[in-house]
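Asker: Generate a structure from the sequence data that follows.
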Amino acid sequence: MADIALILPAAGTSTRFGDPTQKKIYADLDGRAVWLRAVEPFQNRDDIAQIILAIHPEDRELFERRYSANVAFLGITVIDGGAERHDTVAAALNCLNDDCRYVAVHDAARPCVTSELIDRIIAAARQYGAAIPGVAVADTLKRGDSEGLVVETVPRAGLYGVQTPQVFRRDLLEAAYANRTKLGSAITDDAQLVEALGEKVMLVFGSSTNIKITTAVDLKLASAILQALPKPKREGSAHPFGDEHKMW
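Answerer: Numbering: from 1, shown residues only. Below you'll find the model as predicted:
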């Protein structure tokens with residue numbers, strides 16, 4: 001059943017990308033823009049009812065010139081994003097269709113997500129109401145001061161690097177966003193807002209290949225990953241996972 005809205009925040013300024021001529025979501029990745037690669041694994045799923053892409057207002061002319069045909073073919077709703085990521089997602093939530101009972105939020109700069117990972121997250125969200133992918137931290141963590149000196153070594157037990165897509169029951173995410181002003185501006189992901197309500201969020205095994213494009217070098221890594229991954233599944237694939245998607 002198609003009851004999931006996919007939101008792709010793409011209104012960032014790409015200050016760390018290192019290419020003054022373009023933003024990272026519009027960079028070419030094996031013949032397609034990064035944002036199109038991010039959409040691709042979702043586009044033919046039978047559980048996706050709506051796709052919303054939120055871009056920076058200053059990109060509107062460029063976006064329509066380059067991608068209007070793609071948007072029309074894929075049936076994507078394109079809106080203007082806000083100053084911060086959480087403002088962008090809030091704007092997208094105001095555009096949801098009535099039949100969407102769940103919301104998936106996925107970084108438009110994360111082009112290597114697989115259908116299998118999407119399956120796991122959606123299955124967990126349907127069971128628990130909120131689910132996010134995470135990868136256990138493997139590196140030693142150090143906390144530094146303003147001068148770059150090590151202050152302490154941070155225990156890594158129980159720490160995870162969190163990815164997207166993050167999937168939530170719609171009413172839960174809407175309540176979380178209605179409460180977001182109480183957290184101030186230090187909001188880094190959608191799960192943080194749900195956690196602030198006192199709701200539980202299920203961690204699901206993510207993937208080390210589900211990288212986010214931050215610098216131009218990441219494009220080369222993403223290209224290698226895409227060439228190594230199997231082709232995206234074309235049929236709907238929502239199915240039960242029991243408890244095997246859980247991290248413990």
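Asker: Where does the prediction get shaky in this protein?
Answerer: 18, 231-248 (pLDDT under 70).
Asker: quick one: the helix or strand hosting Ser223 to chain centroid distance?
Answerer: Per DSSP states H and E, Ser223 falls inside helix 217-228. The chain centroid and the centroid of helix 217-228 are separated by 18 Å under CA atoms, centre = their mean, to the nearest Å.
Asker: pull the CA atoms of it into CSV?
Answerer: Coordinates of each C-alpha in helix 217-228 appear next as CSV, following Å, rounded to 0.1, in the frame of the first residue of the first chain:
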residue,chain,number,x,y,z
VAL,A,217,36.4,13.6,-3.2
ASP,A,218,33.3,11.8,-2.0
LEU,A,219,32.0,11.7,-5.6
LYS,A,220,34.8,9.3,-6.5
LEU,A,221,34.0,7.0,-3.6
ALA,A,222,30.3,7.1,-4.4
SER,A,223,31.0,6.2,-8.0
ALA,A,224,32.9,3.1,-6.9
ILE,A,225,30.2,2.1,-4.5
LEU,A,226,27.4,2.5,-7.2
GLN,A,227,29.4,0.3,-9.6
ALA,A,228,29.8,-2.4,-7.0
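Asker: Now that helix: buried residues?
Answerer: Buried residues in helix 217-228, counted by 16 or more other CB atoms under 10 Å: Asp218, Leu219, Ala222, Ser223, Ile225, Leu226. Where you see a C-beta, it was placed from the backbone N, CA and C, and this is true even at glycine.
Asker: Repeat that for stretch 190-197.
Answerer: Result for stretch 190-197 [16+ other CB under 10 Å]: buried residues Asp190, Ala191, Gln192, Leu193, Val194.
Asker: before we move on, what about stretch 42-58?
Answerer: Neighbour-count burial for stretch 42-58 flags 42-43, 45, 47-56 (criterion: 16+ other CB under 10 Å).
Asker: picking up where we left off before, list just the nearest of the buried residues of stretch 190-197 to Arg180.
Answerer: Distance to Arg180 across the buried residues of stretch 190-197 (CB to CB) is lowest for Leu193, with 5.4 Å.
Asker: tell me which element that closest one falls in.
Answerer: Counting by DSSP H and E, Leu193 is part of helix 190-196.
Asker: Need the contact partners of the helix holding Ser223.
Answerer: Ala27, Leu29, Asp30, Val34, Arg37, Pro111, Cys112, Thr209, Ile211, Lys212, Ile213 (CB atoms under 8 Å, 6 or more residues apart in numbering).
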